[in-house]
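*Asks:* For reference, the sequence and a predicted model appear below.
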Amino acid sequence: MMENTTRRDFLRNTLKLGAGMAALSALSPVMAIAEEEEKVPFAWKPNAAPCKLIEELEPAAEGVRSFKFNTDGRSCSKSVTFDIVGKEEYVKNIKYEGGCNGGTQGIGAMCEGRPASEVMPIMMGIVCRNKASGSSCAHQLALGLQQALMIVRGTPCPGCEAGTCANA
């Protein structure tokens with residue numbers, strides 16, 4: 001193939017190639033800026049403070065407090081309901097609305113009957129496959145338990161009390 005190429009064709013093709021490379025090198029600073037913009041991490045802003053996402057449900061039995069925590073939009077699940085039982089504050093009857101069925105059932109089974117204070121640090125900070133969200137169904141359970149314990153113990157939301165709570 002090269003044998004049939006004339007010197008003139010060879011020089012013409014070389015100049016085209018050189019002009020194309022020059023154009024690419026001129027664009028590389030622009031392309032670098034575009035790449036830098038893509039590396040900016042996702043910044044999620046909640047639409048409500050955690051204290052606004054929880055509600056206490058009607059009591060099921062003596063010593064049982066039932067809660068529904070509407071997740072903050074960073075996980076597949078829409079809400080999680082659970083009970084806090086007795087002075088030991090055991091977690092019972094964990095049920096998710098939405099989320100990955102096997103994963104949420106697994107979370108519920110692993111946390112069932114354990115003290116909420118033991119479950120929260122284990123689940124807090126677990127991130128789902130969508131790492132940019134910074135949350136997961138497990139993390140949302142930890143947030144819900146945190147808020148439920150504040151209600152059970154009569155602790156006011158520190159942000160609301162100080163007037164600095166998001167969306168208070």
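*Replies:* Happy to help now that I have it. Numbers count the residues shown, from 1 in each chain.
*Asks:* From here on, just use CA atoms for contacts and neighbour counts.
*Replies:* OK.
*Asks:* What is the end-to-end distance of stretch 117-129?
*Replies:* Taking Cα to Cα, to the nearest Å, stretch 117-129 runs 26 Å from one end to the other.
*Asks:* And the next helix or strand past the lowest-mean-pLDDT helix or strand in the chain?
*Replies:* Ranked by mean pLDDT, DSSP states H and E, the helix or strand of the chain with the weakest confidence is helix 7-38, at a mean of 67. Per DSSP states H and E, the first helix or strand lying C-terminal to helix 7-38 is strand 54-56.
*Asks:* and that next one, what does it pack onto?
*Replies:* strand 64-70, helix 137-153 (3 or more Cα pairs under 8 Å, 6 or more residues apart in numbering; DSSP states H and E).
*Asks:* which stretches of the protein have low pLDDT?
*Replies:* Along the chain, segments meeting pLDDT under 70 span 1-4, 23-48, 130-132, 161-168.
*Asks:* Go ahead and flag the most central residue of the protein.
*Replies:* For the chain, Ser135 is the residue whose C-alpha lies nearest the centre (Cα atoms, centre = their mean; 2.4 Å).
*Asks:* Tell me the spacing between it and Gly125.
*Replies:* 7 Å.
*Asks:* swap in Leu143?
*Replies:* With Cα to Cα as the criterion, Leu143 and Gly125 are 10 Å apart.
*Asks:* now do Gln105
*Replies:* 19 Å.
*Asks:* With Thr104 instead?
*Replies:* 16 Å.
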